[in-house]
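In: model this:
(chains A and B)
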There are 2 protein chains.
Amino acid sequence: MIVVVTPNPAVDVTYRVDEQRIGTTQRVRRVERRPGGKGLNVARVLAAEDVVTHSVLPLGGASGTWMADAVAALGLPVTVVPVPGETRSTITVVDDLAHPTMFGEPGPDVPAMTWLRVDEAVRAAVRAAVCAEPAAPAAPDADALVIAGSLPVGSPPDVVVPWITDALAAGALVVADLSGPALLAAADAGATICKPNRDELAEATGRTDERAGALDLLRRGAGTVVVSRGSAGIAAHTVDAVVEVPAVPGVTGNPTGAGDAATAGLVLALARGADIATALRTAAAFGAAAVLRPVAGEIDHDAAHRFTTDLETTRSHA
Amino acid sequence: MIVVVTPNPAVDVTYRVDEQRIGTTQRVRRVERRPGGKGLNVARVLAAEDVVTHSVLPLGGASGTWMADAVAALGLPVTVVPVPGETRSTITVVDDLAHPTMFGEPGPDVPAMTWLRVDEAVRAAVRAAVCAEPAAPAAPDADALVIAGSLPVGSPPDVVVPWITDALAAGALVVADLSGPALLAAADAGATICKPNRDELAEATGRTDERAGALDLLRRGAGTVVVSRGSAGIAAHTVDAVVEVPAVPGVTGNPTGAGDAATAGLVLALARGADIATALRTAAAFGAAAVLRPVAGEIDHDAAHRFTTDLETTRSHA
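Out: Numbering: from 1, shown residues only, chains lettered A, B, ... in the order given. Modelled structure (predicted):
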């Protein structure tokens, strides 16, 4: 079972307008609301691939209630941890003329006491995962914890530490798709995989060189550093090697959620015992298969499996 | 008692960003949420002036729940009519560099059956108002119904008709601050006062001349047509006269909600038995007193009463 924590979930709202213009009153022609947040996208992709997941979502206020109902409607198993304040929204404004404009709310102030409740929820979910009877006793999947997305503005980065140490102690592998100080905290806690994109790695470590930044995280304690490079593919850094997989060529569409689908592919492959090269190929394939779908949290299943076999891996020893 | 219907209430959200730029991802530095909608602003101003009000609000979804809680926290008596779908939000994006940009959602699809429930709620509130013991038996205020704001996109304009005919039949006066076809429907139903602004009057009647547009509404059945002219004051049209009051000079601040405060001043004066000239002066004064306050739904009480005595009235016979 894969436990997925989304520390700062969001109601993703899309507004379609005739023409984006600053300083005017714009009639919104169509409103779409979807439950969002990187972890939730990961969980949705995994669930669509028939992986048993359990999500932990801190939710608050009326938007949190909406989100809990929407997640239940998706059929995702979830532990909701009540948070004071309102779960954030992100508003994406689209027209047919310009690039979309995205407004991201900072998220609620989550008090320390609430983070303790999140700790308990994560611990319980990981324990339930580890203690569950495997669906296929002959070749059981490994259990895993995925932590994906931002922390609410103002939350201390080390709230992620007990989730990671508890999961590792229980024998689960941990994939941390985090940024900023929370990424450093995840490396310090010994996450099995730290998975920033190139910009996040540079920003968190202050290193413009990818290898140098990855080595920083490895020295802090990360098991492997997987760096997503967008159209340049994906790479896995260990202390003595770099494994690289190119992106699937010629795929165009909606890149929103592609990184989350890649995380889902990565953890799915690792939980099933794949080596890191196969896991990277699965990640690249899942990312490309997400681009083929119009909304985040979904992948083109057949394309994902076709792409996985097509990619070649490069290994260089450092 | 004054019954106030807000057919399409909105959660008014303000996003403060560093710099509005189309096509970018913008971090929202501060989020404010307030219960909004023209009728609700009118009710808040009236309640602050110690007028007993009762609001009728069709509300739906998580944002409707938020709104109901927020209105209860304001202490406003209210009948909530449950609506399928989500109560709309309006998002106003502000920075220190450009004019604010406002995104207005269309509002939920309100089925005919739900409008019947709104009819019942308005009828019950008007009946309760008419049957209530007056607070000051010697000089009781008249009862009134205020309908203020847009209808949800797609709702038929004549949903306002039974509210108006029932209120008139019960002996209440009716102030309709509506636009488009709903304004015409309110005139057809014989609303005591139709109160568009100049643009709304021109748009609803197709007449660029204010007097010609007002005469259209009067011929349809409106008792008096009050036209708010922004910085050019306010005017009342009957078939044989135009009464005009200038705006309070030299008032600067936040014009949001000034029109709603003017509606509150107008109905308050009329309910207390004032003539139309006094009612216009009160409306102009309340509008100006709203400009002095940073948020819609509030007025500077002392300024409102000082302004009322300062304004001069012009009457011309048509």
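In: who's in contact with the residue located most distally from the centre of chain A?
Out: Of all residues in chain A, A:Thr24 has its C-alpha farthest from the mean position, at 35.7 Å, by Cα atoms, centre = their mean. A:Thr24 makes contacts with B:His99, B:Thr101, B:Met102, as judged by Cβ atoms under 8 Å, 6 or more residues apart in numbering or on different chains. Glycine gets a C-beta too; all of them are placed from N, C-alpha and C.
In: let me know the closest of those to B:Ala72.
Out: Among the contacts of A:Thr24, B:Met102 lies closest to B:Ala72 (Cβ to Cβ), at 26.4 Å.
In: helix, strand or coil for that closest one?
Out: On the three-state scheme (DSSP: H, G, I helix; E, B strand; the rest coil), B:Met102 is labelled strand.
In: what residues are up against it?
Out: B:Met102 touches A:Thr24, A:Thr25, A:Gln26, B:Thr90, B:Ile91, B:Thr92, B:Val93, counting by Cβ under 8 Å, 6+ apart.
In: quick one: it from B:Ala62, how far?
Out: 22 Å (Cβ to Cβ, to the nearest Å).
In: now swap in A:Leu183 and tell me
Out: Going from A:Leu183 to B:Ala62 by Cβ to Cβ gives 32 Å.
In: what about these two, which has more around it?
Out: Counted by other Cβ atoms under 10 Å in any protein chain shown, A:Leu183 and B:Ala62 do not tie: A:Leu183 has more neighbours, with 27 against 24.
In: which pLDDT does the model give that one?
Out: We have a pLDDT of 98 for A:Leu183.
In: surely A:Pro100 is in contact with B:Gly23?
Out: Yes. Here A:Pro100 lies in contact with B:Gly23, judged by Cβ atoms under 8 Å, at a distance of 7.0 Å.
In: neighbour count winner among those two?
Out: More crowded of A:Pro100 and B:Gly23, by other Cβ under 10 Å: A:Pro100, with 16 against 12.
In: mind listing the helices for chain A?
Out: In chain A, the helices defined using DSSP state H lie at A:38-48, A:61-74, A:112-131, A:160-169, A:180-188, A:198-205, A:210-220, A:258-271, A:276-291, A:301-310.
In: which residues does the residue nearest to A:Asp310 when sequence neighbours are not counted contact?
Out: Once flanking residues are discounted, A:Asp310 sits nearest to A:Val248: 7.2 Å by Cβ to Cβ, 6 or more residues apart in numbering or on different chains. Residues counted as contacts of A:Val248 (Cβ under 8 Å, 6+ apart) are A:Ala284, A:Ala285, A:Gly287, A:Ala288, A:Phe307, A:Asp310, A:Leu311.
In: from chain B, how far off is A:Gly221?
Out: 30 Å (Cβ to the nearest Cβ, to the nearest Å).
In: gap between the nearest residue to that residue once chain neighbours are set aside and A:Pro162?
Out: The shortest distance from A:Gly221 to any non-neighbouring residue, by Cβ to Cβ, 6+ apart, is to A:Gly190 (4.3 Å). Applying Cβ to Cβ, the value for A:Gly190 to A:Pro162 is 12 Å.
In: mind listing the shared neighbours of those two?
Out: In contact with both A:Gly190 and A:Pro162: no residue, using Cβ under 8 Å, 6+ apart.
In: ok, now which ones touch the residue in the stretch 151-300 of chain A that chain B sits nearest to?
Out: Closest contact between the stretch 151-300 of chain A and chain B, by Cβ to the nearest Cβ, is at A:Val153 (8.6 Å). For A:Val153, the contact set (Cβ under 8 Å, 6+ apart) comprises A:Pro106, A:Gly107.
In: okay, it: pLDDT?
Out: At A:Val153, pLDDT is 86.
In: got the residues of chain A near chain B?
Out: Contact residues (Cβ under 8 Å from any Cβ of the partner chain) of chain A with chain B: A:15, A:17, A:20-29, A:31, A:33, A:61-63, A:65-66, A:69, A:86, A:88, A:91, A:93, A:98-106.
In: Produce a ChimeraX select command limited to the buried residues of those.
Out: In ChimeraX syntax, the buried subset of the residues of chain A next to chain B is picked out as below (16 or more other Cβ atoms under 10 Å in any protein chain shown):
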select /A:15,17,20,22,26,28,31,33,61,62,63,65,66,86,88,91,93,100,101,102,103,104,105,106
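In: excluding chain neighbours, what is closest to A:Thr79?
Out: A:Ala121 (4.5 Å).
In: and the one you found, what does it touch?
Out: Taking Cβ under 8 Å, 6+ apart, we find A:Ala121 in contact with A:Val56, A:Thr79, A:Val81.
In: A:Thr278: which of these is nearest?
Out: Nearest to A:Thr278 out of the contacts of A:Ala121 is A:Val56 (Cβ to Cβ; 27.9 Å).
In: what about the closest one, neighbour count?
Out: Per other Cβ under 10 Å, the neighbour tally for A:Val56 reads 28.
In: below-threshold pLDDT in the stretch 101-250 of chain A: ranges please.
Out: The stretch 101-250 of chain A contains residues with pLDDT under 70 at A:133-139.
In: tell me how far the nearest residue to A:Arg281 once chain neighbours are set aside lies from chain B.
Out: In space, and not counting its chain neighbours, A:Arg281 is closest to A:Leu311: 4.5 Å by Cβ to Cβ, 6+ apart. From A:Leu311 over to chain B the distance is 30 Å, taken as Cβ to the nearest Cβ.
In: that older thread, got the contacts of A:Ala121 as a markdown table, with distance to B:Leu218 columns?
Out: As requested, those are exported to a markdown table (distance: Cβ to Cβ, whole Å):
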| residue | distance to B:Leu218 |
| --- | --- |
| A:Val56 | 63 |
| A:Thr79 | 63 |
| A:Val81 | 60 |
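In: just these: which are in strands?
Out: A:Val56, A:Thr79, A:Val81 (DSSP state E).
In: list the buried residues for stretch A:66-83?
Out: Buried residues in stretch A:66-83, counted by 16+ other Cβ under 10 Å: A:66-68, A:70-71, A:74, A:76-81, A:83.
In: just stretch A:195-206 next, same as before
Out: Going by neighbour count (16+ other Cβ under 10 Å), the buried part of stretch A:195-206 is A:Lys195, A:Pro196, A:Asn197, A:Arg198, A:Glu200, A:Leu201, A:Ala202, A:Ala204, A:Thr205.
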